[in-house]
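**Student:** Provided below for reference: sequence and predicted model.
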Amino acid sequence: MKAADFNYVRPNTLEEALSLVSKADDDIVVMSGGQSLIPMMNFRLVEPSSLIDISKLSELQKIEEQGNTLEIGAGVTYTEIEKSDIINSKIPLLSHVIEFIAHSAIRNRGTIGGSVALADPAAEMPAVLIALNATVVIRSQTEDRFIKADEFFIGTYETALKPNEIVVKISLPITEVNYGFYEVTRRHGDYASAGAIITLHKQNNFNTQNSRVVLFASTNKPERIIGLEDILNRIEPGTTPIVNKETITDALMNTKLEKDLHNSERTKFIHSVTALKRALEMIK
Amino acid sequence: MSGPKFSFDKPNQYIGQNEIRSDTKKLLHGRGKFVDDLKLPRMLHAAFYRSPLPHAKIKSIDATQAKQHKGVIEVLSGKDLINIVKPYVGVLSHLAGLKSAPQMPMATDVALWQGEPIAMVIAQSRAIAEDALNLIEVDLEELEPIASTEAALSNLDQLIHPELKTNLAWERTVDIGDVDGIFNDPDNIIVERDFIFGRHTGVTLEARCTIANYDASTEELEIFYSGQAPHMMQYIYAKHLGLREERVRVISQDVGGAFGIKVHTYGDEIATAAASVLLGRPVKYVADRYESFVSDIHARDHTVKAKMAISKLGDLLAIDFDDVTGIGPYSMYPRTSAIEANQVLNLTGAPYVLPNYRANSKVVLQNKNMMCQYRAVGHPIAMAICDCLLDDAARKIHMDPVEIRRKNLMADDSYPRKSASGMQLDDLSHHQCLDKLIDLMNYEQLKSNRDKLRTSGVYRGIGFVSMVEVTNPSPMFYGVGGAPIASQDGATIRLDAGGAVHVASSITEQGQGTNAIMAQIAAGVFGVSLDRVHVTTGDTRITPYGGGTWASRGAGIGGEATLQAAKLLKGQVLDVASVMLQTSSKELDILDGNIVDADSLNIRMSLSDLARTVYYRGNELPSDLKPELVASHHYRVTDTPFVFTNGAMAAHVEVDIETGMVKILNFWAVEDCGRVINPMLVDEQIRGGVVQGIGSALYEECLYSEDGQLLNPTMADYLVPMASEMPNIIVGHVETPTKTSELGAKGAGEAGTGGAPAAIINAVNDALKPLSKSIWQIPITPDRLLTALNS
Amino acid sequence: MKNQENIELVVNGESLTRTVDHRRNLVDFIRYDLELTGTHVGCEHGVCGACTILVDGKPVRGCLMFAVQANGCEITTLEGIPTTGKAQKLREAFAKRNALQCGFCTPGMMTSALDYVQNDGDPSEDKIRKHLSGNYCRCTGYQSIIEAIQDVISEGA
């Protein structure tokens, strides 16, 4: 399976890259890590006439603390996130999920920006960013846009990114977060059948307002399960949440689940309930 | 006349030793020679246009644009090969009634499976060839696909091959004893289940690949072959391309996994050779992973309605089943796609005393990829039918599954005898293996842990299988039916001037350790140190004529040939030595590269001195001495159609009832494969085989849409076992040498794959016992398990 | 020429300059253009791990990079993995445990294993299995490979 012919361009600066995509041409494809794109090119499912390689743009590779946010360049690889001291200490949920993403050879090249721009429903990064209330920073030749992760992911492989734009960084609030994460997956590193990420933002000890409950992989984009967030947010200080299979099942009633090649919708439902239940159990 | 009797207990024997394979060196330095590593001068590359539809009339093919594309040398359609390639039919006379139609390498008028080659591009590079595929205009008229076996059997007006007047390629029934009488007896306990075994495939990491190199000046065809049976392919290329057999040379060097996938005749490989003949240049074809999924043979697609009767006390009385298997639109050439069904009929219940047995198998044509022999042919189905029903029956009468096996397995001292289906069995050790297994796994402790954990909602299960495996087949397997498949193999062993020993064997190597085993046997039997033995395999021009490696025959058949050849050579060398040393050959021996006194082990002369004298200084020898420092021996099994091995295996699993996932905690396998030449290599074969069996039990399936489209032709969607989910597999050995040869070695390559699925199904059903649920379909996916749990 | 360019890189310690088609992927470049056939191709979509090589010291799928992206990089394939130190110990352990049969997964497996032992990988079976979970082997069943890695780790401890 050899890729079709294309013209490879490696801009030296972000400016150059933005100029190249400004034409908003469907035949021009931007590549970051390439770990999802190149397989599609090898299968000839994607046949760009021009491939813009932004993987070496230094502007996109910084990890910086700026006041009370952490700014992660879109070109930062999964491995760099995993090994980053500052991410491990300030936003450990982000580095926690890395080991579940594919395998180390893929993680050495795959990037957070690439994951965000692709919006695979089973990808961990989009779900984590929603759980952490992140902001996706997008740039075109003419403007910068700051879009909350909640609004950035629209559907399967569908985002708010326009053809003349590039994701340049992810901005994450630095707050203390208690989290739970669980994936139902048959083999380590595979895309999950269902995954759940739950964050409780610690304020005043047990005050659990601003909890986020994100379900992914069984939906066409990561979904916040508001019913469960409500329950978690109403918890009295000093008590533990009563969230069991029944409450989770109720909360999922209106969530549209997607079957896949191996799992019926019913199985996806059961896996979603289990993922949420076990993610909750992880929270101390 | 030979010297001292050969003994397996001699020092420096090598047989039974864990010697490191010398082949590992090159492979650990990236110096293997796999087919795609080879570059021939002026070599071209092939790519195939494959049918996107499972059933379609080929109305026209316009390759004008493709032919004009820069770098394209030729474009061939199926019809272009009609005058170059003779069609082939996958039938054998001993499978009476087997019907199939003549098959061409590429479809000519009708495409019969999604993935069947329709046209081929030969170009300067694979990438260019693929570019040109997009320029070929193929006009296909979609025909109604006959995908399911139900549709194939019930629709008599929709025939895959109208001239056959049926879609039923073959049918066979076995009927022993009084099955109806047993099932009608109200005193007997009956269990009845519908099994579904999922179609899956081999996924060799090295895909199929071939280089065909035709030299028009000498009319010789050279094939670099990633496969198991070079001599068989020599015959096939010669016959179907109209070449003289002796002018076809098939060479197999390093092969990246075969498992039976690479022992069949593939149209794309034949077409590649035809292209080379046409163009007079080397042509290389490498299947890509998508092509592997749609065109490598699939296997094990069986739907079985089965029932078993036992007495109230747990005596096995009868098995009765109906099997339907779909094999694609053709029976594979030359081994036929009926063999798997035949083995299911032959092997079900074979480990047990089974007085009444009836089984019917229907082999059905359909518009899906072709199906044929893949590691452990038929065994997984046969072992599962019997052993899973046996456990089901045991549960019904509250009998321990080990106890019911002890009651019914053939006694270790009761051989020779026949199975219910008439298979000749000898030298088996079911009870000894089961005893060893129970010991290894600490069964009582395991059971009590399982029972304790059940009370806290953790569902673990233990499952067993007692199995037989067909190995070392005689001519009764294929040759008797007219197949060009050698069931005998030979070894030629030669002493070189420097004291090194060369062995040429007609058995082949795909990583299981064939070369290492032949070397160990030759070194030990002849009398040199292992590092002085070199083995050549896989070249039809250089090795003796033989069958290659399949059906677990390498060690048993090739090994015996090597052993006898080594003995012969030893005798010949000692004859020369006796003249040179003026000592009776009965008083001499060969040890560590030297001729020694048999008693004192004093060195009399080195082998290389002897050899150099023979080769260079014949003047020093009496003129009536005719030294021959090369010997050959061929061996075939004559006593029985197959040499059976046996094994006992157990799986210990934990079922997560909230996700439907099965985790394999432990696996044990006790195997009796006769004399073990290298225990480490046998262990590895068992382990690799078990993991393949786990794959079929929990992960692997070729998923087809209702209209015959393969839905998961990628490694992301077809799930193979990877390291994280696999258990440690503890292997135990029992050695009951086969009487059919001096070496006494049987085969070990397929047992793991044959037995593991049954053990896993049993373990899962044991785990589900407290919930009164069970599952009878593999692979046991989370989706299926959850459905069973909620039924 | 269109859609082609010159690249300069170091492969197994040797500095090279080559002209490559833009669409030429890295593992094909290594195998066909450089004739270093030790690295193998199994799927061309990044799943099987057969093509795993070291790029600037890190394991990478050779089928998921274009050769042109390797400009300025240092590539190490199995042929260039040292014959001394931990790498050689790993080879010896693989041979001793028969952690390879057909040898086709071996280049990728050795690369992944070397990365693990050189970065002070944990000797726990579970962690080793997880690290190798991106390398498909059909022959061995994986156990002997894990044991070989554990041998090297315990030896170096």
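**Tutor:** Cool, got the structure.
**Student:** please make it C-alpha for all contacts and neighbour counts, starting now.
**Tutor:** Noted.
**Student:** just the helices in the stretch 1-150 of chain A please.
**Tutor:** Here the stretch 1-150 of chain A has its helices, by DSSP state H, counting those that start in this stretch, at A:14-21, A:37-42, A:78-83, A:85-90, A:92-98, A:104-107, A:112-118, A:124-131, A:149-152.
**Student:** go through stretch C:54-67 and flag the buried ones.
**Tutor:** By neighbour count on 16 or more other Cα atoms under 10 Å in any protein chain shown, the buried set for stretch C:54-67 is C:54-55, C:58-67.
**Student:** one step back: could you dump the helices of the stretch 1-150 of chain A to a markdown table with mean pLDDT and distance to chain B?
**Tutor:** Putting the helices of the stretch 1-150 of chain A into a markdown table (pLDDT from 0 to 100; distance: least, Cα to the nearest Cα, whole Å) gives the following:
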| stretch | mean pLDDT | distance to chain B |
| --- | --- | --- |
| helix A:14-21 | 96 | 27 |
| helix A:37-42 | 98 | 10 |
| helix A:78-83 | 98 | 20 |
| helix A:85-90 | 97 | 25 |
| helix A:92-98 | 96 | 16 |
| helix A:104-107 | 98 | 14 |
| helix A:112-118 | 98 | 17 |
| helix A:124-131 | 98 | 17 |
| helix A:149-152 | 97 | 27 |
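**Student:** including distance to residue C:73, could these go into TSV?
**Tutor:** Formatted as TSV, those follow (distance: least, Cα to Cα, whole Å):
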stretch	distance to residue C:73
helix A:14-21	21
helix A:37-42	19
helix A:78-83	18
helix A:85-90	26
helix A:92-98	25
helix A:104-107	16
helix A:112-118	22
helix A:124-131	28
helix A:149-152	35
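**Student:** on the three-state scheme, the residue lying closest to residue B:135 once chain neighbours are set aside is what?
**Tutor:** With sequence-adjacent residues excluded and distances taken as Cα to Cα, 6 or more residues apart in numbering or on different chains, residue B:135 is closest to residue B:66, at 4.9 Å. Here residue B:66 is helix, with the state taken from DSSP: H, G, I helix; E, B strand; the rest coil.
**Student:** number of residues surrounding residue B:66?
**Tutor:** Residue B:66 is flanked by 22 other residues according to other Cα atoms under 10 Å in any protein chain shown.
**Student:** measure the residue of the stretch 251-400 of chain B found nearest chain A to chain C for me?
**Tutor:** Here the stretch 251-400 of chain B gets closest to chain A at one residue, residue B:288, 6.1 Å apart by Cα to the nearest Cα. Separation of residue B:288 from chain C (Cα to the nearest Cα, to the nearest Å): 7 Å.
**Student:** contact partners for that residue?
**Tutor:** Residue B:288 sits next to A:1, B:207, C:42-44 when contact means Cα atoms under 8 Å, 6 or more residues apart in numbering or on different chains.
**Student:** and these, which two are furthest apart?
**Tutor:** Using Cα to Cα, the pair of the contacts of residue B:288 lying farthest apart is A:1 and B:207, separated by 12.5 Å.
**Student:** return the residues of the stretch 51-200 of chain A in contact with chain B.
**Tutor:** Counting by Cα under 8 Å from any Cα of the partner chain, the residues of the stretch 51-200 of chain A close to chain B are A:184, A:186-188.
**Student:** related to what we said a few turns ago, show me which of residue A:1 and residue B:207 is the more surrounded one.
**Tutor:** Per other Cα under 10 Å, whichever of residue A:1 and residue B:207 has more neighbours is residue B:207, with 27 against 20.
**Student:** now for the closest residue to residue B:680 other than its chain neighbours, how many residues are close by?
**Tutor:** Using Cα to Cα, 6+ apart and skipping the chain neighbours, the partner closest in space to residue B:680 is residue B:18 (5.5 Å). Using other Cα under 10 Å, residue B:18 has 17 neighbouring residues.
**Student:** confidence score at residue B:18?
**Tutor:** Note on residue B:18: pLDDT of 96.
**Student:** spell out the secondary structure type for it.
**Tutor:** Applying three-state DSSP to residue B:18 yields a three-state assignment of coil.
**Student:** same thing with residue B:604?
**Tutor:** Quick answer, by three-state DSSP: residue B:604 is strand.
**Student:** so who does it touch?
**Tutor:** Contacts of residue B:604 by Cα under 8 Å, 6+ apart are B:581, B:594-597.
**Student:** out of those residues, which is nearest to chain A?
**Tutor:** Nearest to chain A among the contacts of residue B:604 is residue B:594, at 52.3 Å by Cα to the nearest Cα.
**Student:** so what touches the helix or strand residue B:24 falls within?
**Tutor:** Under the criterion of DSSP states H and E, residue B:24 resides in helix B:23-28. By Cα under 8 Å, 6+ apart, the surrounding residues in contact with helix B:23-28 are B:32, B:515-516, C:78, C:91, C:95, C:98, C:100-101, C:103, C:106-107.
**Student:** residue 95: what's it in contact with?
**Tutor:** Just going to use chain A. A:81-83, A:87-88.
**Student:** ah, no, chain C please
**Tutor:** Contact partners of residue C:95, counting by Cα under 8 Å, 6+ apart, are B:20-21, B:24-25.
**Student:** just say helix, strand or coil for it.
**Tutor:** Assignment for residue C:95 (three-state DSSP): helix.
**Student:** for it, give its distance to residue B:727.
**Tutor:** Residue C:95 sits 22 Å away from residue B:727, going by Cα to Cα, to the nearest Å.
**Student:** same check on residue A:223?
**Tutor:** Per Cα to Cα, residue A:223 is found 35 Å from residue B:727.
**Student:** over to residue B:466?
**Tutor:** Taken as Cα to Cα, the span from residue B:466 to residue B:727 is 20 Å.
**Student:** more neighbours, these two?
**Tutor:** residue B:466 (29 against 23).
**Student:** just to revisit the earlier point, for the residue nearest to residue B:680, give me its contacts.
**Tutor:** B:678-681.
**Student:** at 7 Å what do you get?
**Tutor:** Taking Cα atoms under 7 Å, 6 or more residues apart in numbering or on different chains, we find residue B:18 in contact with B:678-680.
**Student:** same question, residue B:71
**Tutor:** Residue B:71 sits next to B:123-124, B:128 when contact means Cα under 7 Å, 6+ apart.
**Student:** can you lay out the residues you listed as JSON lines showing secondary structure and neighbour count?
**Tutor:** Formatted as JSON lines, those follow (DSSP: H, G, I helix; E, B strand; the rest coil; neighbours: other Cα atoms under 10 Å in any protein chain shown):
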{"residue": "B:123", "secondary structure": "strand", "neighbour count": "27"}
{"residue": "B:124", "secondary structure": "coil", "neighbour count": "17"}
{"residue": "B:128", "secondary structure": "helix", "neighbour count": "22"}
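**Student:** in JSON lines: the residues you listed, plus pLDDT.
**Tutor:** Formatted as JSON lines, these follow (pLDDT from 0 to 100):
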{"residue": "B:123", "pLDDT": "98"}
{"residue": "B:124", "pLDDT": "98"}
{"residue": "B:128", "pLDDT": "98"}
